[in-house]
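Novice: Fold the following, please.
(chains A and B)
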Amino acid sequence: MALQVQEIIKKYGENTVVDRLSFTMENPGVYALLGRNGAGKTTTIRIILGMLASDGGSVLWNGKPLDPMQVNVGYLAEERGLYPKYTLMDQLLYFARLKNMSAQEAKQQIAYWAKKLEVEEYLYPATSVKNSGAGKKKKIPSRKADELSKGNQQKIQLMAALISDPDLIVMDEPLSGLDPVNADLFKQIIHECIERGKYIIMSSHQMPTIEEFCSDITILNRGQAVVQGNLNEIKKSYGRVNLFVKADSSLDPYISKMNLTVQEKTPDGYHLKVTGEAQAAEFLRLLVTEQVPIVKYELREPSLHEIFVEKVGADNA
Amino acid sequence: MRRSDFQGWKKIYGFTLRQQWKSKTARIMTVVFLLAALFAPVLMDLFSDEHETVGSCPAETISVAVQNGETEDGAMQTSLVQWMKETEYFKETDLVSAEEKPQAAVAVTVQPGSYEIGVTFDPECDLSRGEAQELADYLEQNWKRYLVSANGLSPDTLGAVSQPVTVNVEALEDSQNEAISQAEYWISYTLIMVLILILSVGGESVSASVVMEKSSKVVELLMTSVKPMAIVLGKVLAMITYLLIQFAVVIAGFFVGSTVYDSVKAGSFQGIRLPEVLHTITDGALPGIAQNWLVVPAVIVLCLLGILLFSIVAALSGATVSRIEELAEGSKIYVILLMICAYAGLMLSITAMDGISPALIYAASLFPFTSVFVAPAYAFSGKISIWIVLLAIVLLIAAIWLALRFVAGVYGYLLYYKGSPVKFKQLWKISGFGKRGGGDLHE
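Specialist: Numbers count the residues shown, from 1 in each chain, chains lettered A, B, ... in the order given. All right, here's what the predicted structure looks like:
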């Protein structure tokens, strides 16, 4: 299986919000779409899923135009939604039935994900029998969406996206609005999906999350891909130019002597910019020669955050 | 349009209908409507003009005096007392002289061209003002009965002279075809009013149902499984089914109520009874049905399709807005269209049935938005043939198909639209009928 996005274009009047965007997912894994607000990430996702007509280009799944009616697709939209007044069980069964699942299959999947996401108590009345006095037991129906917290609603929405065991999963800002505990729970689920060999497209502003999951990325700026490819290769192409040094004495004279750029000076140490590994090694030799007590020395590639700020921040400044 | 565009509409239909019935408000409303329908015959009878005062006179003792000009009218006094003695209402009342201090004194004054009835009551004798008023009202309402009796005529005579008179002015030529019978009038009038009622209430429910997915932001999730056509069709049909079931419950409740009440009143209930309605339809009072009974199922199909067409237009209101709060603004087109077509139907099929040009009748009976209001009346009266009704059905089906495409196109295009209400000329452009564009309408 493979997903190919070829030269898609979307215009609103004179404004081009997606401009000849192409990328390919040949293997299962997570593909990240990054960009500032309004960069065209959600529009791209909606075009991929056929919800928005493009003004050019195509989206192929296994070489054929992607039709969500034919391909099993799961979608966690940026604008989360559930029917506020309907019971959660009714809604999940409905979403599953729309994916052509049998009632029994749907119930099995709901039970599986409810346990994983720790929302069983909201879905199963049998486990929620309360004593209503005089020895009588009152059956509590499955909860309605508007009775749940935002985090729990988000879990139900993730269940709705995954219930049909989709081949292609699209997640638009999956971790936004979640507390750290629920964010970890969601990450576990994403890891499980990766292990199961799913194709996942993820849009997020949380760079550490992208670095944790994604093998390939596209950074969008004003609808155009400004950085694209394998994340490790992108980082390598920048070279190891970030140097962190922590010492027991001031490094200012040595930094001046080598004419290095200080990105940030914190009580913890110095974040320096070097031209490459050779300059970093020369700086280390200088510190050793001058017998500076070094506590920590780290030469590393730029983080995704730094690449993102450099590519998108500078252009929008 | 492809087959996959409709994929999943049955599931949407089933889910929407089930959830509608599960709603507490819907269930309460149905019970309220059912109770109102069951007790409607009783209320109709209570407020009927033909309702007769029943019960007995609240005064235990009454004296009667009749004055004619300056003198007492002994003969009339005797005949009035005699009539009161024979009347059920006064059977527990003693008619006494004024000297015996009765609870109420009835004084009748005969004046040129009128009668004046005075009731004097003694509050110390356990008779309230209200009870005295009730006695006075009874005498006023039954004074003609007394006069008929006093003049030696039977009570049937009063019924005979009180019967309503209706007049018809007809031209000599073609009088058979142009006259509108009372049965035709009531059947047509009732049908149009019922349609207006269903479409007014139903339009709002349909548009609210269609906007629900956008309002609750579920629509994006749904769109990975179904297309706008399936959403619109499923939701519209579910709401129509719900409304028709509710309407059937009300009608059934009314006829059950009237049958029960009629049996309690031993057949004297004056309101609408099911056997009479069925008799009117089948005994030839409606010439169109007498000529060809297939007119009845054809008109039923026409009405159902008409409701479907208007419901799809109502769905357009839901398709053009993103939140339920904006529906009032979005419903303008539907409300205006319904008003124009319903008024046209009323004008053409009832108030002006005589003397309308046949061309106008055929045009209104065939035009999809007016046919549902106009064609039934003319089909029942035999002024248009069943073939015209069938042609109207075909045109309605075509209009439904086009309307569905139009609304589904608008729904799909405005999926993410959150701006000010969309104008009609923009709708035409974005529906897919015109050149696709209007990109500024998004977000």
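Novice: check contacts around whichever residue of the stretch 1-150 of chain A sits closest to chain B.
Specialist: The nearest approach of the stretch 1-150 of chain A to chain B comes at A:Gly81, 2.7 Å away (Cβ to the nearest Cβ). Bear in mind the C-beta positions are built from the backbone N, C-alpha and C, glycine included. Neighbouring residues of A:Gly81 by Cβ atoms under 8 Å, 6 or more residues apart in numbering or on different chains: A:Gln157, B:Ser216, B:Lys217, B:Val218, B:Val219, B:Glu220, B:Leu221.
Novice: mind redoing it with 10 Å?
Specialist: By Cβ atoms under 10 Å, 6 or more residues apart in numbering or on different chains, the residues touching A:Gly81 are A:145, A:153, A:157, A:160, B:213-222.
Novice: and if you look at B:Pro102?
Specialist: B:Pro102 neighbours (Cβ under 10 Å, 6+ apart): B:59-64, B:93-96, B:120-122, B:125, B:127.
Novice: same deal with B:Lys227?
Specialist: A:50-51, A:67-69, B:1-2, B:4-9, B:233, B:408, B:411-412.
Novice: Repeat the analysis, applying 7 Å as the threshold.
Specialist: By Cβ atoms under 7 Å, 6 or more residues apart in numbering or on different chains, the contact list for B:Lys227 reads B:Ser4, B:Asp5.
Novice: secondary structure element for the residue nearest to A:Lys265 when sequence neighbours are not counted?
Specialist: Sequence neighbours aside, A:His271 is the residue nearest to A:Lys265 in space, at 7.5 Å (criterion: Cβ to Cβ, 6 or more residues apart in numbering or on different chains). Assigned by DSSP states H and E, A:His271 falls within strand A:269-273.
Novice: tell me which residues in that strand are buried?
Specialist: A:Gly269, A:Tyr270, A:His271, A:Leu272 (16 or more other Cβ atoms under 10 Å in any protein chain shown).
Novice: before we move on, the earlier item: how close does the residue of the stretch 1-150 of chain A closest to chain B get to A:Gln91?
Specialist: Distance of A:Gly81 to A:Gln91, computed by Cβ to Cβ, to the nearest Å: 10 Å.
Novice: On the three-state scheme, the residue of the stretch 1-150 of chain A closest to chain B is what?
Specialist: coil (DSSP: H, G, I helix; E, B strand; the rest coil).
Novice: Chain A against chain B: which residues are in contact?
Specialist: A:11-13, A:49, A:51, A:68-69, A:73, A:75, A:77, A:79-84, A:86, A:94-95, A:97-99, A:160 (Cβ under 7 Å from any Cβ of the partner chain).
Novice: Among these, name the ones in strands.
Specialist: Using DSSP state E, the members of the residues of chain A next to chain B that fall in strands are A:Lys11, A:Tyr12, A:Val73, A:Tyr75.
Novice: List the residues that contact the third one.
Specialist: A:Val73 makes contact with A:Leu49, A:Pro166, A:Leu168, A:Val170, B:Thr224 under the criterion Cβ under 7 Å, 6+ apart.
Novice: give me that answer again for 8 Å
Specialist: A:Leu49, A:Pro166, A:Asp167, A:Leu168, A:Ile169, A:Val170, B:Thr224.
Novice: which of the residues you listed are buried?
Specialist: Counted by 16+ other Cβ under 10 Å, the contacts of A:Val73 give A:Leu49, A:Pro166, A:Asp167, A:Leu168, A:Ile169, A:Val170, B:Thr224 as buried.
Novice: Sounds good, over and out.
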